[in-house]
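Asks: quick one: sequence and predicted model below, then my questions.
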Amino acid sequence: MHLTPATVADECERLHERGPRVVTLANDVRTDLGASFGVDVDEVTEQQYEQTLETVFADGALAVNVAALAGLLRELDVTADYPGFVVDELLGRELAAMLAGQQPLRLLAEATFHYVDVHTDSATAGGDDLDAALAAGLQTRVPGWDWRESDPFAVEPE
């Protein structure tokens with residue numbers, strides 16, 4: 001894999017094209033997790049997906065790493081899949097975390113990645129992990145969870 005500004009831009013475009021599938025997965029996981037926690041969670045829109053990608057790819061250091069992970073996952077396949085289970089999970093979890101941002105969202109995206117991953121399927125070992133990572137990172141980063149609207153633990157400056 002050789003990364004250049006042009007290949008990063010190409011990967012960004014490929015991720016934009018995955019929008020409809022990723023947004024559907026993100027909304028499915030929000031519905032499931034919301035029901036599990038007894039809360040209503042706002043749906044993610046395709047516009048929010050597009051804006052998230054624009055934000056991520058505007059940061060060159062982040063963009064090159066996201067493009068590399070996405071490219072690796074897109075191309076990754078392992079005969080009989082299971083022997084490669086660790087590498088696709090590792091790459092997918094890290095991609096979800098990068099998309100989500102800083103802690104604690106990063107950790108939440110990693111945990112959510114595994115939940116989404118068991119609900120996706122692809123023709124290749126890395127394909128489902130790519131979609132799961134995009135959905136987990138996106139749904140974590142985008143507002144819509146009430147607990148993110150206010151912070152009862154924040155200490156007001158004096």
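Replies: Right, received. Where do you want to start? Numbers count the residues shown, from 1 in each chain.
Asks: the residue nearest to G144 when sequence neighbours are not counted is in what secondary structure piece?
Replies: In space, and not counting its chain neighbours, G144 is closest to D42: 3.3 Å by Cβ to Cβ, 6 or more residues apart in numbering. Bear in mind the C-beta positions are built from the backbone N, C-alpha and C, glycine included. D42 is part of no helix or strand, with elements assigned from DSSP states H and E.
Asks: surely D42 touches D146?
Replies: No. Counting by Cβ atoms under 8 Å, D42 sits too far from D146 to count as a contact (9.1 Å).
Asks: please enumerate the helices of the chain.
Replies: Taking DSSP state H as the test, the helices found in the chain are 5-17, 19-37, 46-58, 60-75, 85-100, 105-117, 125-141.
Asks: look at the residue nearest to G144 and report its pLDDT.
Replies: Predicted confidence (pLDDT) for D42: 95.
Asks: around it, how many other residues sit close by?
Replies: 14 (other Cβ atoms under 10 Å).
Asks: check Y49 too.
Replies: The number of residues near Y49, taken as other Cβ under 10 Å, comes to 24.
Asks: can you tell me how far it sits from Q139?
Replies: 10 Å (Cβ to Cβ, to the nearest Å).
Asks: thinking again about what came up before, can you say which of the helices of the chain is packed in most?
Replies: helix 125-141 (a mean of 28; mean count of other Cβ atoms under 10 Å).
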